[in-house]
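K.L.:
Fold the following.
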Amino acid sequence: MSTFAATLLADISRLARRAGEEILDVYRQPFDVERKKDASPLTQADLRAHAAIVKGLEALTPDTPVLSEEASEIGFDVRSQWWRYWLVDPLDGTREFVSRNGEFTVNIALIENHVPTLGVVHVPVKDTTYSGVHGEGAFRQSGSEATVRIRVQTPAASPLRVVGSRSHAGAGSLDAYLDRLGAHSLLSVGSSLKFCFVAEGSADFYPRFGPTSEWDTAAAHAVVAAAGGAVVDLQGQPLRYNTRDSLLNPHFLVFGDHNRDWIGALESAG
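P.N.:
Next up is the predicted model:
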């Protein structure tokens, strides 16, 4: 357990909510959409949330570096020296933001020795915050309601409740893979909400066979792990962060039930 992480959870939750307020201020009025070099959308909400989070993190932990989607041009020669840093996606689900479906989040994670030890995922439209700290558990807090502890569902439901990406369908092998898993329902959801549904036990499984970056997954990964679940690559190894020059994740699986052979179904589907 990271004592450092545990002492910061309340402050980081407040900071994520503050960034959410910046996002909603833009969301409630007409806004322009720019395009990044990779053609992904960028809005003032992304930039305002980024500025609020960086300012807050620098005040809270001035000696801990920050890697954000909106300031990611930091070479691995520098990053490789970091054993502890903040990994941030100020607005995860910009496509959902642009389409105004509400399925976007603020993601803030603390990475220590390549592992996400603290994660906060805030859902601005619902004023709901999911959080987790390694060794401390995972939590959900909505509006003025009391904070509740959340936990993955074990064993998994039957039929399985699968969540997938709304904006990225992923590889064509997904259908074949899901068929091997047996009876299931499939719900399309945007952003890191998919992880949170698994963490709170309202979904059982999230397979991702499409591209993601490390800032897309780290905060929600921490929440899932703290809730008793796992986020693993297709060889069954936990995702690790900042281990190479590329910030792209491998394909991965998110689940709560450790007694089910999620990996074995991949070989059959292939």
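K.L.:
Hmm, E136 and A222 touching each other?
P.N.:
No - applying CB atoms under 8 Å as the test, A222 and E136 come out as separate, 10.5 Å apart. The C-beta positions use only the backbone N, C-alpha and C, and glycine is treated the same way.
K.L.:
higher neighbour count, these two?
P.N.:
Set A222 next to E136 and count neighbours by other CB atoms under 10 Å: A222 wins out with 33 against 17.
K.L.:
Kindly confirm my reading that the more buried one is in a helix.
P.N.:
Yes - assessed by DSSP: H, G, I helix; E, B strand; the rest coil, A222 belongs to a helix.
K.L.:
what's the distance between it and K126?
P.N.:
Here A222 is placed at a distance of 20 Å from K126 (CB to CB, to the nearest Å).
K.L.:
Buried residues, the host helix or strand of D11. List them.
P.N.:
For D11, the element it lies in under DSSP states H and E is helix 3-27. Neighbour counts over helix 3-27 (16 or more other CB atoms under 10 Å) mark 5, 8-9, 12-13, 15-20, 22-23, 26-27 as buried.
K.L.:
what's the lowest-pLDDT member of those?
P.N.:
Ranked by pLDDT, those bottom out at A5, which has 86.
K.L.:
hmm, back to that, what's the closest of the buried residues of helix 3-27 to S72?
P.N.:
A19 (17.0 Å; CB to CB).
K.L.:
quick one: contacts for the closest one?
P.N.:
By CB atoms under 8 Å, 6 or more residues apart in numbering, the contact set of A19 is R48, A49, A52, I53, P90, V106, H122.
K.L.:
What values do phi and psi take at A265?
P.N.:
The phi and psi values for A265, taken as degrees, to the nearest 10, are phi -70, psi -20.
K.L.:
Quick one: neighbours of it, just the number.
P.N.:
Using other CB under 10 Å, A265 has 19 other residues around it.
K.L.:
Can you give me the pLDDT of the closest residue to it other than its chain neighbours?
P.N.:
In space, and not counting its chain neighbours, A265 is closest to R180: 4.1 Å by CB to CB, 6 or more residues apart in numbering. Per-residue pLDDT puts R180 at 86.
K.L.:
How about V120?
P.N.:
V120 is assigned a predicted lDDT (pLDDT) of 98.
K.L.:
all numbers from here: first residue = 29
P.N.:
Taking 29 as the first residue, the last one we looked at is V148.
K.L.:
Roughly how far does it sit from T89?
P.N.:
14 Å.
K.L.:
Who has more neighbours out of the two?
P.N.:
Taking other CB under 10 Å, V148 and T89 do not tie; V148 has more neighbours (30 against 18).
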